[in-house]
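K.L.:
Fold the following.
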Amino acid sequence: MNGVIFSKGAGVADSVFGKSQEPIRVMIDENVEAFRAQSMIHRLFFMDTSKNYAEKYTSETSLGDFENVGENGAYPKTSMREGYAKVIEPATWKSSFEVTQEMVEDAKIGKIRSRANIFATSYNRTREKFAAALLAGGTGETVTVGGSVYDATCADGKPLFSKEHPSVTGGAPAQSNLFKGSFSVTALDEMQERMQSFTDDDGNLLALAPDTIVIPNSGPLKRAVLEVVGSEFDPNSANNAVNFQMGLWNVIVWSYLPKTIGGEPYFLMLDSKFKDDYMCLPFVDRVPLTVRSDIDPNTDANVFKGRARFGAGFNNWRCIALCGAGVDGTALTAGA
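P.N.:
Prediction:
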């Protein structure tokens, strides 16, 4: 995400608002920069920038294994083909706030600062809410955010989280990254094993290494997850069995996620390297936050108008999986 672009309309610099422009710009810039450091979007999505109206994401099938051709043997001819493709078109997002002439005349600096910070926070919150809603809504084909409907399917046409992701070549059976079950150490073990068994479209093992657990801000779920991944010994055993899950995970608590899906708790498992290497969950910034300052001829207020273009979607489902007791997923043998 690039920095804020700021422009002043004609006559603003000469008006009573002229000297307030730069401080307001700094306030907005600092707020956006500070929020960016706390944002979870870059940890869960593949961050991309674009100069086009839309971006196409795709994958290629594997090349297959090397062959033993014997002495002076010919090179085998193998080929790759394009997999499923996904087009993501950034949307346009706008908002505004105003600084009245009276605020400046009466030196209400605190009020001006408050409005600038609220404006910047609104922009940051919008991005976070959009990304979280899209991700949590990935059990269905569409997600509605603020009255607008967004596509929640992957390149294969299935929802991000589905128990029947098809193969473009027919070289692998349908695969599931949507599982039904409650969180426990045994459920975590099985989810990890399932993700490590994901294959490409030709059935070749991808050897994923999931390293991140993502949960909403739920007190009981936080305690359950941190007990499992932070305990040296198996929390289900009274015999001091070693807990091999300790130290393997980054745990992300994302407050913008809904606390339940289908009325029940859930958790996500992610391979953070795979999601970037294979551009799995693109978040596309087309135009960074652009703030324009104008004088309203009807009120004499200084109006600050913010505009940005960004969007997100799902390309390759293999980097992530969801498990919850309230979803229609593949049942885990543990915790179902």
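K.L.:
Name the nearest residue to residue 113, ignoring sequence neighbours.
P.N.:
Of all residues not flanking residue 113 in the chain, residue 27 sits nearest, at 5.8 Å (C-beta to C-beta, 6 or more residues apart in numbering). Placement of C-beta: from N, CA and C, glycine included.
K.L.:
Now the helix or strand containing the one you found: average pLDDT?
P.N.:
Take DSSP states H and E as the rule and residue 27 turns out to sit in helix 21-38. In this model, helix 21-38 has a mean pLDDT of 82.
K.L.:
tell me which residues in it are buried?
P.N.:
Across helix 21-38, burial judged by 16 or more other C-beta atoms under 10 Å covers 21, 24, 25, 27, 28, 29, 31, 32, 35.
K.L.:
same check, this time on stretch 268-277
P.N.:
Across stretch 268-277, burial judged by 16+ other C-beta under 10 Å covers 268, 269, 270, 271, 272, 274, 275.
K.L.:
so what strands line up beside the helix or strand hosting the second one?
P.N.:
Put plainly, it is residue 269. With secondary structure defined by DSSP H and E, residue 269 is part of strand 266-270. Next to strand 266-270 in the sheet, as set by DSSP bridges, lie strand 212-215 (antiparallel), strand 320-324 (antiparallel).
K.L.:
got those as a markdown table, with mean neighbour count and mean pLDDT columns?
P.N.:
Shown next, in a markdown table, are the strands paired with strand 266-270 (neighbours: other C-beta atoms under 10 Å; pLDDT from 0 to 100):
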| stretch | mean neighbour count | mean pLDDT |
| --- | --- | --- |
| strand 212-215 | 22 | 96 |
| strand 320-324 | 26 | 97 |
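K.L.:
could I get those strands as a markdown table with distance to residue 44?
P.N.:
Compiled in a markdown table, the strands paired with strand 266-270 are given as follows (distance: least, C-beta to C-beta, whole Å):
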| stretch | distance to residue 44 |
| --- | --- |
| strand 212-215 | 7 |
| strand 320-324 | 8 |
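K.L.:
Of those, give the one that comes closest to residue 168.
P.N.:
Closest to residue 168 of the strands paired with strand 266-270, according to C-beta to C-beta: strand 320-324, at 19.1 Å.
K.L.:
Mind giving me the packing neighbours of the longest helix along the chain?
P.N.:
Looking across the chain with DSSP state H, the single longest helix is helix 109-136. With contacts defined as 3 or more C-beta pairs under 8 Å, 6 or more residues apart in numbering; DSSP states H and E, the secondary structure elements packing on helix 109-136 are helix 21-38, helix 41-44, strand 91-99, helix 101-105, strand 142-145, strand 302-312.
K.L.:
Show me what the next helix or strand after the fifth one packs onto, helices and strands only.
P.N.:
Along the chain past strand 142-145, the next helix or strand (assigned with DSSP H and E) turns out to be strand 148-151. Contact analysis of strand 148-151 by 3+ C-beta pairs under 8 Å, 6+ apart lists strand 142-145 as its packing neighbours.
K.L.:
Where does pLDDT dip in the stretch 101-250 of the chain?
P.N.:
Residues of the stretch 101-250 of the chain meeting the criterion pLDDT under 70: 107, 231-247.
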